[in-house]
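A.B. asks: Fold the stuff below for me.
(4 chains)
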Number of protein chains: 2
Amino acid sequence: MNIREVAKRARVSTATVSRTMNGSDKVKPATAARVRKAIEELNFLPNSHARTLVSGKSHILGLIISDITNPFFPDLVKSFEDEAVQRGKEVIIGNTDYNPKRMAGCIRRMVERKVDGVAIMTSESDPALVAELTRRNIPTVFMDTGKPGPHCANIRVDYGQGIQEALQHLIALNHRRIAFITGPMNLASAQTRCSVFVSTLKARGIFDEALIEKGNHRIEGGAIAMRNFLKLPRRPTAVIASNDLTAIGALGVIHEMGMSVPEDISLIGFDDIAFAHLTNPPLTTILLSRRQLATMALAALDALIQGNRQSLTDLTIPTHLVMRSSTRAI
Amino acid sequence: MNIREVAKRARVSTATVSRTMNGSDKVKPATAARVRKAIEELNFLPNSHARTLVSGKSHILGLIISDITNPFFPDLVKSFEDEAVQRGKEVIIGNTDYNPKRMAGCIRRMVERKVDGVAIMTSESDPALVAELTRRNIPTVFMDTGKPGPHCANIRVDYGQGIQEALQHLIALNHRRIAFITGPMNLASAQTRCSVFVSTLKARGIFDEALIEKGNHRIEGGAIAMRNFLKLPRRPTAVIASNDLTAIGALGVIHEMGMSVPEDISLIGFDDIAFAHLTNPPLTTILLSRRQLATMALAALDALIQGNRQSLTDLTIPTHLVMRSSTRAI
DNA sequence: CGCCTGCATGTAATCGTTTACATCAAACCC
DNA sequence: GGGTTTGATGTAAACGATTACATGCAGGCG
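C.D. replies: Below you'll find the model as predicted:
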């Protein structure tokens, strides 16, 4: 089934069929109707590969993430896809599995599929691999980390804002011994969260080195860190975690030890994953809006594709404290 | 950058380049080396659209699901993608958003992209839309619901087994007033879960009509249903929910009412989503293995693609009780 | 009436591969 | 040594769309 059969049935040339389908050029209404009828009757759908081959535009966007089972990402994927479909584009997703080798594979596939652009949000982005994209002039937008360049935009996430809001909130509730559980420190974003925490507390003169523990952005890391905090002679009265999974791990340990949140300890997470309001108590956390991120990424990609770079001036996403029930005054 | 430039640089014809890349036909080692060197130097990657166009094989598989933010699906997507990548295939994902119109769009895109096959796991599968796929001889496999056919396999999920295991477990713990919160009853799979529950209890002579409440596979549904159970003069001592979200909703209400699980009420979910072991207490639930589902779907798809139908005899996935801490004896 | 203009449509080249078939040289056989 | 086989490579026709250019026809004008 191809455009030629449609042409034959409508008694026109393939060019006319193509023109009616794309609506660009003028076709006499009567002819167009005949063509549409033929398309309908034959149930014809054009072959996108042939289209791409000749036009050079695949109308596919790539989205590279670390791991779809990380609860941060499904929202991002969904928002990204929704917006892309609205713009008549499709999305192919690459899971790197936190593995640079798979990242290379993802990028290769994106190139082979001639994607119109790529959005990347992975922890472990290797500049060499990414250079591959820019070398081929494939518009690329980083969410969170990366350097802007000729075919390349970067969206900055303002991690600091949320952390500061959280600290203000806790301090207003009279907390002074505030602890932080970090993420993996090779992640730029995790570093930022931590360093804003440190500098804000130092500025207030209530920073205590002992109240920082390393986590890994997973449940266990949060649990281990929390156990250490609870062994301290002077325990923290509030804990901020570098992400929600970490907070959930900490929450489990607090319960395990027969204490409760927020009565004994206040707890704040980061990300606002779907389950943050399903914990007991519902977790106060810092929202990083995946929808906003996706929307901005798509807009940036569009701008790069259209070669319109001036609209790429301020690409910053805020983060905000979302109050639930895991904090209280002391 | 195309195969011709590679050919020129390696001083061979395009056919030889193609042959070296595909490794199928014989090429003299010295020539092949020259070609590979040229490919390397030019950083050449073949255009997959051109390949697909001539070969008719896109090496893309479609995966259609209802909603990636439904926590059941990310695991499925990941497993499916992992296996697909291993087989040298790519995956494009279609989110129907529980919306038949978007389902139609997904299918259209799959056809246009000339996918080698499609796997479908959606609640709301419209036979007419799916006929579209089989009419075009696109291998299709349904996970859970659908009818096998010439280009079409169906994987049956044995919901009954898990429900029966759960009931045996509860009965062994001396529970007799066992309640069930259903899913949306237009879903075949939700119906099955419910009817197995009913028939098993009837067979034991301990069925009570009052202990069935409707849910919607979401948190709120579980919460509402649980409130109703707690108003009953003779409350249930155990509750099975049609999925984990429902169970989590019920759990919230139980806590809210100052009761606790499993001391006052035993609770069992269904699916074993990632957060089932993060609830407090960790939720006993019935596992429907997404990895198994994905593996079987891919195997079935492969068989259909290769036209090898005899390997499609018994496509059944079991479900199993996973014991955690939300049940106890009375 | 002859020519020009402009619209609707057709013709055919093109995109970048794969692959059937053609070619050609070397090797082999009797 | 001529003919045949074999193996390596080249030539060119596909695949199914888009689109620059060509064509043809109708109407307008002097």
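
A.B. asks: helices and strands of chain A: which one bottoms out on pLDDT?
C.D. replies: Least confident element among the helices and strands of chain A, by mean pLDDT, DSSP states H and E: helix A:127-135 (a mean of 86).

A.B. asks: So for that one, what gets flagged as buried?
C.D. replies: Using 16 or more other CB atoms under 10 Å in any protein chain shown as the test for burial, helix A:127-135 gives A:129-130, A:132-134. (Each C-beta comes from the backbone N, C-alpha and C, glycine too.)

A.B. asks: Need those in CSV (columns: distance to residue B:252).
C.D. replies: What follows is the buried residues of helix A:127-135, written out as CSV (distance: CB to CB, whole Å):
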residue, distance to residue B:252
A:129, 44
A:130, 44
A:132, 48
A:133, 45
A:134, 48
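
A.B. asks: for the spatially closest residue to residue A:282 that is not a sequence neighbour, helix, strand, or coil?
C.D. replies: Sequence neighbours aside, residue A:324 is the residue nearest to residue A:282 in space, at 3.9 Å (criterion: CB to CB, 6 or more residues apart in numbering or on different chains). Put simply, residue A:324 is coil when judged by DSSP: H, G, I helix; E, B strand; the rest coil.

A.B. asks: so which residue of the stretch 51-200 of chain A comes closest to DNA strand C?
C.D. replies: At 3.4 Å from DNA strand C, residue A:54 is the closest residue in the stretch 51-200 of chain A, using CB to the nearest atom of the strand.

A.B. asks: Provide a list of residues in contact with that residue.
C.D. replies: Not one residue lies near residue A:54 by CB atoms under 8 Å, 6 or more residues apart in numbering or on different chains.

A.B. asks: Same check on residue A:95?
C.D. replies: Residues in contact with residue A:95 (CB under 8 Å, 6+ apart) are A:65-68, A:102, A:106, B:78, B:81-82.

A.B. asks: In helices, which of the residues you listed fall?
C.D. replies: Counting by DSSP state H, the part of the contacts of residue A:95 found in helices is A:102, A:106, B:78, B:81-82.

A.B. asks: Make CSV from the residues you listed and add pLDDT to it.
C.D. replies: Putting those into CSV (pLDDT from 0 to 100) gives the following:
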residue, pLDDT
A:102, 89
A:106, 93
B:78, 96
B:81, 94
B:82, 93
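
A.B. asks: top of these by neighbour count?
C.D. replies: With neighbours taken as other CB atoms under 10 Å in any protein chain shown, the top of the ones in helices among the contacts of residue A:95 is residue A:106, carrying 26 neighbours.

A.B. asks: what angle sits between the helix or strand harbouring the residue of the stretch 51-200 of chain A closest to DNA strand C and helix B:48-55?
C.D. replies: Following DSSP states H and E, one finds residue A:54 within helix A:48-55. Orientation of helix A:48-55 against helix B:48-55 (axes from the mean of the first three to the mean of the last three CA atoms, to 10 degrees) gives an angle of 120 degrees.

A.B. asks: rewinding a little: go through the ones in helices among the contacts of residue A:95 and name the one nearest residue A:294.
C.D. replies: Closest approach to residue A:294 among these (CB to CB): residue A:106, at 18.2 Å.

A.B. asks: Next one: that closest one from residue A:65, what distance?
C.D. replies: Per CB to CB, to the nearest Å, residue A:106 is found 9 Å from residue A:65.

A.B. asks: where do the contact lists of these two overlap?
C.D. replies: In contact with both residue A:106 and residue A:65: A:94-96, using CB under 8 Å, 6+ apart.

A.B. asks: And the ones in helices among the contacts of residue A:95, which is closest to residue A:249?
C.D. replies: With CB to CB as the yardstick, the closest approach to residue A:249 among the ones in helices among the contacts of residue A:95 comes from residue B:78, at 21.6 Å.

A.B. asks: what does chain A have sitting close to DNA strand D?
C.D. replies: Counting by CB under 7 Å from any atom of the strand, chain A comes close to DNA strand D at A:2-4, A:14-15, A:17-19, A:21-22, A:24, A:46-47, A:50-51, A:53-55.

A.B. asks: Would you list the buried entries among the residues you listed?
C.D. replies: Buried among the residues of chain A next to DNA strand D (16+ other CB under 10 Å): A:3, A:17-19, A:21, A:46-47, A:50-51, A:53.

A.B. asks: Save those residues as a markdown table, and put in pLDDT too.
C.D. replies: Converted to a markdown table, these look like this (pLDDT from 0 to 100):
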| residue | pLDDT |
| --- | --- |
| A:3 | 96 |
| A:17 | 96 |
| A:18 | 95 |
| A:19 | 95 |
| A:21 | 94 |
| A:46 | 96 |
| A:47 | 97 |
| A:50 | 97 |
| A:51 | 96 |
| A:53 | 96 |
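
A.B. asks: What is the most widely separated pair among those?
C.D. replies: A:19 and A:53 (18.5 Å).

A.B. asks: other SSEs contacting the helix or strand encompassing residue A:63?
C.D. replies: Per DSSP H and E: residue A:63 is located in strand A:60-65. Where contact means 3 or more CB pairs under 8 Å, 6 or more residues apart in numbering or on different chains; DSSP states H and E, strand A:60-65 is packed against helix A:73-86, strand A:90-95, helix A:100-112, strand A:117-121.

A.B. asks: Identify all contacting residues around that strand.
C.D. replies: A:73, A:76-77, A:80-81, A:84, A:89-96, A:103, A:106-107, A:110, A:113-122, A:298, A:301.

A.B. asks: okay, the angle between it and strand B:90-95?
C.D. replies: Going by the same axes, to 10 degrees, strand A:60-65 makes 90 degrees with strand B:90-95.

A.B. asks: Kindly export strand A:60-65 (C-alpha atoms) in CSV.
C.D. replies: C-alpha atoms of strand A:60-65 as CSV (Å, rounded to 0.1, in the frame of the first residue of the first chain):
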residue,chain,number,x,y,z
ILE,A,60,11.0,12.5,16.4
LEU,A,61,12.5,13.9,19.5
GLY,A,62,14.8,11.9,21.8
LEU,A,63,14.5,11.9,25.5
ILE,A,64,17.4,10.4,27.4
ILE,A,65,17.0,9.7,31.1
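
A.B. asks: partners of that strand, with directions?
C.D. replies: Strand A:60-65 pairs in its sheet with strand A:90-95 (parallel), strand A:117-121 (parallel), by DSSP bridges.

A.B. asks: The ones you listed into CSV, with extra columns for mean pLDDT?
C.D. replies: Formatted as CSV, those follow (pLDDT from 0 to 100):
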stretch, mean pLDDT
strand A:90-95, 93
strand A:117-121, 95
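
A.B. asks: Return the most buried member of the ones you listed.
C.D. replies: Among those, strand A:117-121 has the highest mean neighbour count (mean count of other CB atoms under 10 Å in any protein chain shown), at a mean of 27.

A.B. asks: I am finished for the moment; much appreciated.
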